[in-house]
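**Student:** sequence first, predicted model second:
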Amino acid sequence: TGYEHDDLTWTQLAGRDDMKNGEPFGREAFNTVLFEQSLTKPSSLDVAAFDATADPSETPIIMRICPDCTDTHKKVFYRRLTPTAPGFDILHNILYYSSSTPPVGNIWNTDFTLHSTYEDAKYGANPWQCPGDAFDYKKNFVGNCSPSGAKVQEQYSNWRSFPGPRPNVAYYVNKPENVGVQDYIDNADVTRAVGETDLDIGNVGLEGNTLENDGVYHVTGSGSDIWRYSDQFHFKSQPWVGDIDVKVHLTDFANNGNDRYAKAGIMLRSDNSPDATYAFMHLTGSEGIHAQHRRSKGNHANNSGSGFKTSPPQKSAWLRIVKKMETIEFYRGDDEGNWVLHATDTIFFPDDKFRVGFAVT
């Protein structure tokens, strides 16, 4: 397409087809860059902090680029007027929503306005109008609206559809690219372990990725499961030899597919092949905390012990794996630093070598 954004002002959030430059940000990474790292961020995440009268206004901005759209829609600027509702994924809504029902959390003239220039968006000037004063929510991001209020069709892009109807589309937030949340593997400023990788394992469908910000990792992934004889998931990992004690605080699990057995957690794995030997301590979409393993390459996976599920099902978790020779101990913890032994199993890793890291499916 030939488009190059100003990386001192904009960071790409998502792009498709010729505009793709990495995978879409996950919910918490998106919320961080929009509400905490935007050049026009609010002073706090309270509703009253979104000061539309400030100079410039304290309202975060998203830019959509569509080189193949009609002239008025090549660049469109989204001015966010409210904080996000708990659990609501604004970017996922922008990319995939396909209902005519207004989505609570992303409503035109309540949660956002649209503008033709960045300057207009910063000051709230010249907001777009919609035919009959009605935004068409099936037409992602632009709603068949325009600067004049005339109906302009076929200028949207739904990422469940191909070609879209507009295939070459990208979204950016007004945050400098080298500040805050950044791609982990491709960031030259990050010191990484030798042999560290950030890969999709198996046939995942949608690619995953890992972003990092001040020691917090934002991992996205897809795939049908980590189970049976072969796995499909995203794995950020590094090589290790011998014993290990590794723990992670999984602070949020978006689970946009609402899959009760979506999984995220820490894994020891013999290698990056889909049918590798592994030990996995993880949180599921809505079935609580589980431990599982594949005892040898190509064999069927099995659970280690039973699950632990709260009511309502937990959306965050402290997880830990301790390896002592061939003995694997799975732990779950709490915010006070207490650990409960969840299960114990015996796993032999070839030559006592394995990879350790985050796994998401």
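**Tutor:** Sure thing, it's come through.

**Student:** hey, let's count contacts and neighbours off CA atoms from now on
**Tutor:** Fine.

**Student:** quick one: low-confidence parts of the stretch 1-150 of the chain?
**Tutor:** For the stretch 1-150 of the chain, the stretches with pLDDT under 70 are 1-2.

**Student:** now do the helices in it.
**Tutor:** With DSSP state H, counting those that start in this stretch as the definition, the stretch 1-150 of the chain shows helices at residue ranges 27-35, 90-96, 118-123.

**Student:** which of these is buried the deepest?
**Tutor:** Among those, judged by mean count of other CA atoms under 10 Å, the one packed with the most neighbours on average is helix 27-35 (a mean of 21).

**Student:** in the lengthiest strand in the chain, what counts as buried?
**Tutor:** Of all the elements of type strand in the chain, the one with the most residues (DSSP state E) is strand 230-241. For strand 230-241, a neighbour-count test (16 or more other CA atoms under 10 Å) marks 230-240 as buried.

**Student:** to F308, which of the helices of the stretch 1-150 of the chain lies closest?
**Tutor:** Checking these against F308 by CA to CA gives helix 27-35 as the closest, at 24.8 Å.

**Student:** any idea how far W108 is from the residue nearest to Q153 when sequence neighbours are not counted?
**Tutor:** Nearest residue to Q153 in three dimensions, chain neighbours excluded: N144, at 5.3 Å (CA to CA, 6 or more residues apart in numbering). Computed with CA to CA, to the nearest Å, the distance linking N144 and W108 is 12 Å.

**Student:** quick check: neighbours shared by these two?
**Tutor:** Any residue near both N144 and W108 by CA atoms under 8 Å, 6 or more residues apart in numbering counts here, and that gives F135.

**Student:** quick one, what contacts the residue nearest to Q153?
**Tutor:** Shown here is N144, whose contacts under the criterion CA under 8 Å, 6+ apart are 130-131, 135-136, 151-156.

**Student:** P131 now?
**Tutor:** By CA under 8 Å, 6+ apart, the contact list for P131 reads 144-145, 149-151.

**Student:** from those residues, which would you call buried?
**Tutor:** With neighbours counted by 16+ other CA under 10 Å, the contacts of P131 contain buried members at 144-145, 149.

**Student:** spatially nearest residue to K236, not counting backbone neighbours?
**Tutor:** D198 (4.2 Å).

**Student:** returning to what we had before: quick check: next helix or strand after the longest strand of the chain?
**Tutor:** Elements were assigned by DSSP states H and E; along the chain past strand 230-241, the next helix or strand is strand 244-250.

**Student:** just the buried residues of that following strand, please?
**Tutor:** Residues of strand 244-250 classed as buried: 247-250 (neighbour count, 16+ other CA under 10 Å).

**Student:** and that strand, what other elements does it pack with?
**Tutor:** Using 3 or more CA pairs under 8 Å, 6 or more residues apart in numbering; DSSP states H and E as the contact definition, the elements that strand 244-250 packs against are strand 263-269, strand 317-324.

**Student:** pull up the pairing partners for it, direction included.
**Tutor:** In its sheet, strand 244-250 lies beside strand 317-324 (antiparallel), with partners assigned from DSSP bridges.

**Student:** pull the distance from the partner strand to the chain's centre.
**Tutor:** For strand 317-324, the gap between its own C-alpha mean and the chain's C-alpha mean amounts to 24 Å (CA atoms, centre = their mean, to the nearest Å).

**Student:** list the buried ones in that strand?
**Tutor:** Buried positions in strand 317-324, judged by neighbour count with 16+ other CA under 10 Å: 317-323.

**Student:** note down every partner strand of the helix or strand following it and its orientation.
**Tutor:** Toward the C-terminus, strand 317-324 is succeeded by strand 327-333 as the next helix or strand (DSSP H and E). According to DSSP bridges, strand 327-333 forms sheet pairs with strand 317-324 (antiparallel), strand 339-346 (antiparallel).

**Student:** buried sites along strand 327-333?
**Tutor:** When neighbours are counted by 16+ other CA under 10 Å, the buried residues of strand 327-333 are found to be 328-333.

**Student:** with respect to L8, which of the residues you listed is nearest?
**Tutor:** The shortest separation between L8 and any of those is 41.0 Å, and it belongs to G333 (by CA to CA).

**Student:** which one is the closest one nearest to, not counting chain neighbours?
**Tutor:** For G333, the nearest residue in space outside its immediate sequence neighbours is W339; the separation is 4.3 Å by CA to CA, 6+ apart.

**Student:** if you average the pLDDT over stretch 342-360, what comes out?
**Tutor:** When pLDDT is averaged along stretch 342-360, the result is 98.

**Student:** so who does T72 touch?
**Tutor:** Under the criterion of CA under 8 Å, 6+ apart, the contact partners of T72 comprise 116, 146-147.

**Student:** now render the contacts of N144 as CSV, adding distance to I61.
**Tutor:** As requested, those are arranged in CSV below (distance: CA to CA, whole Å):
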residue, distance to I61
C130, 20
P131, 23
F135, 19
D136, 21
K151, 24
V152, 22
Q153, 23
E154, 23
Q155, 20
Y156, 18
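
**Student:** now the two most distant members of these.
**Tutor:** The two members of the contacts of N144 with the most space between them (CA to CA) are P131 and Y156, at 15.6 Å.

**Student:** what is the burial count for the closest residue to R80 other than its chain neighbours?
**Tutor:** Leaving aside its chain neighbours, R80 sits nearest to F112 (4.6 Å; criterion: CA to CA, 6+ apart). By the measure other CA atoms under 10 Å, the count of residues near F112 is 19.

**Student:** what bridges to F112?
**Tutor:** F112 has the following beta-bridge partners by DSSP bridges: R80, W108.

**Student:** I'd say it and Y78 touch.
**Tutor:** Yes: with contact defined as CA atoms under 8 Å, F112 counts as touching Y78 (6.4 Å).
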